[in-house]
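Asks: Sharing a sequence plus its predicted fold:
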Amino acid sequence: MFLQIIILIIGFIILVKGADLFVDAASSLAENFHLSKMLIALTIVAFGTSAPELAVSIKSTLTGQGDIVLGNVIGSNILNILLILGICSCIHPLNVKNSTVKKELPITILLSALLSVLMCDSLLSGSGVNQISRSEGITIILFFLVFVYYLFTTMRNKVDDEVSTPKYGMFKSIIFTILGIVCLVLGSNAVVDSASIIAKTLGISERMISLTIIALGTSLPELVTSVVATKKKEYDIAIGNVVGSNIFNIGVVLGVPLTIFGGIGAFTINYLDLIVMLLSAIMLFLFSFRTHKLDKKAGITFLIVFVLYYSFVIIGK
């Protein structure tokens, strides 16, 4: 147990240092390529910080742990909005671009709603067992490709309006971006593995481990990266990281393993998890649509919902 605690602490240190380097490198990368920081955040930053979720999802699918695959994606998406953006909004108001409100957030809601429908077989069709098939995984990927098409058209047509001197040159930006991702993955893996061992030793259920420890652990790259970005006043990176990660989690972290390795059958589900996942995406859209800003009021609201939900998860199980 003591060794796992030491590994846990070391993992957090690697995470923080990696995130600090990653944010600076990603910002410099956008400036060197004359692309918007939001676009870099939605792609490189979001996909990079979602690497732990993808690794856990593939490993869990191969070992037949369907509850962990689904709990990891749902829990991570809830944490990304309610906890991460909640904390960041309390640190400093986050400006939300018009394109994010009109395009990226609706895509997030659409994918969240799609996943919720696909997971409710027993409720919607009267089937006695909830399951997700390979064909439904392909459907998820097809919806995700809409987002990919949007990114390509944006990348082709849009450049960064803000001209500034990058902290790093082109070569260093690329190298430090890769190094930052490696640190985030290694750090989060160390945290997840050690925390899971501690949790299992204490007799915590698989569902709770997936919705709390694993979801929080695999969301640590997003959490640390967005907090560091907020403190560095890189607000586009902070928001784009979360929005892009949520889309990537459903479209790739879940869609790819389902398509390659087959569906997930006979999984357990608490409909509250799906409701909160979809509600958090809608809340983010509504707060952003009204003022194009996530202020402290929005942040506190997110955190209150987060505390209420996880209080139920922990106390109710």
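Replies: Nice, thanks for sending it over. Residues are numbered from 1 along each chain as shown.
Asks: in this structure, which helix or strand is least confident?
Replies: helix 206-208 (a mean of 62; mean pLDDT, DSSP states H and E).
Asks: Whichever helix or strand comes after that helix: which residues count as buried?
Replies: Sequence-wise, the next helix or strand downstream of helix 206-208 (DSSP states H and E) is helix 215-231. Across helix 215-231, burial judged by 16 or more other C-beta atoms under 10 Å covers 215-230. The way it works is simple: take the backbone N, C-alpha and C, and place the C-beta from them, glycine included.
Asks: Check which element follows the helix or strand hosting Leu145 along the chain.
Replies: Taking DSSP H and E as the definition, Leu145 sits inside helix 134-157. Later in the chain than helix 134-157, the nearest helix or strand by DSSP H and E is helix 170-201.
Asks: average model confidence for that next one?
Replies: Confidence for helix 170-201, expressed as mean pLDDT, is 79.
Asks: and it, what other elements does it pack with?
Replies: helix 2-33, helix 46-49, helix 51-62, helix 215-231 (3 or more C-beta pairs under 8 Å, 6 or more residues apart in numbering; DSSP states H and E).
Asks: who wins for proximity to Lys97 among the ones you listed?
Replies: Closest to Lys97 of the helices and strands packed on helix 170-201, according to C-beta to C-beta: helix 2-33, at 13.9 Å.
Asks: So which bits of the closest one are buried?
Replies: For helix 2-33, a neighbour-count test (16+ other C-beta under 10 Å) marks 4, 7-8, 11-12, 14-16, 18-33 as buried.
Asks: Repeat that for stretch 178-196.
Replies: Buried residues in stretch 178-196 (16+ other C-beta under 10 Å): 180-181, 183-196.
Asks: for stretch 63-73, same thing?
Replies: Buried-residue list, stretch 63-73, by 16+ other C-beta under 10 Å: Gln65, Gly66, Asp67, Ile68, Val69, Leu70, Gly71, Asn72, Val73.
Asks: Might you quantify the distance of that stretch from its chain's geometric centre?
Replies: From the chain centre to the centre of stretch 63-73 is a distance of 16 Å (C-alpha atoms, centre = their mean, to the nearest Å).
Asks: tell me the mean pLDDT for that stretch?
Replies: 77.
Asks: again with stretch 236-249
Replies: On average, stretch 236-249 scores 90.
Asks: and what of stretch 134-147?
Replies: Mean predicted lDDT for stretch 134-147 stands at 90.
Asks: Please give the number of neighbouring residues around Tyr310.
Replies: As a burial measure, Tyr310 scores 20 neighbours (other C-beta atoms under 10 Å).
Asks: low-scoring pLDDT stretches of the stretch 201-317 of the chain, where are they?
Replies: Scanning the stretch 201-317 of the chain for pLDDT under 70 picks out 204-215, 266-269, 316-317.
Asks: what's the closest of the buried residues of helix 215-231 to Ser116?
Replies: Comparing the buried residues of helix 215-231 against Ser116 with C-beta to C-beta places Ala215 closest, at 16.7 Å.
Asks: which residues does the residue nearest to the spatial centre of the chain contact?
Replies: The structure's the chain has its C-alpha centroid closest to Ser245; by C-alpha atoms, centre = their mean the separation is 3.8 Å. Ser245 sits next to Ala46, Thr49, Ser50, Glu53, Ser76, Asn80, Glu222 when contact means C-beta atoms under 8 Å, 6 or more residues apart in numbering.
Asks: Which members of the residues you listed define the maximum pairwise distance?
Replies: Among those, Ala46 and Ser76 lie farthest apart (C-beta to C-beta), at 12.0 Å.
Asks: so Val69 makes contact with Ile264?
Replies: Yes: the pair Val69 / Ile264 is scored as a contact, 6.3 Å apart, by C-beta atoms under 8 Å.
Asks: The strand or helix carrying Ser76 packs against which elements?
Replies: Counting by DSSP H and E, the element that carries Ser76 is helix 66-78. Using 3+ C-beta pairs under 8 Å, 6+ apart as the contact criterion, the elements in contact with helix 66-78 are helix 51-62, helix 105-118, helix 206-208, helix 215-231, helix 235-248, helix 271-291.
Asks: thinking again about what came up before, Ala46 and Ser76: who's more crowded?
Replies: In terms of neighbours (other C-beta under 10 Å), Ser76 is the more surrounded of Ala46 and Ser76; the figures are 30 against 24.
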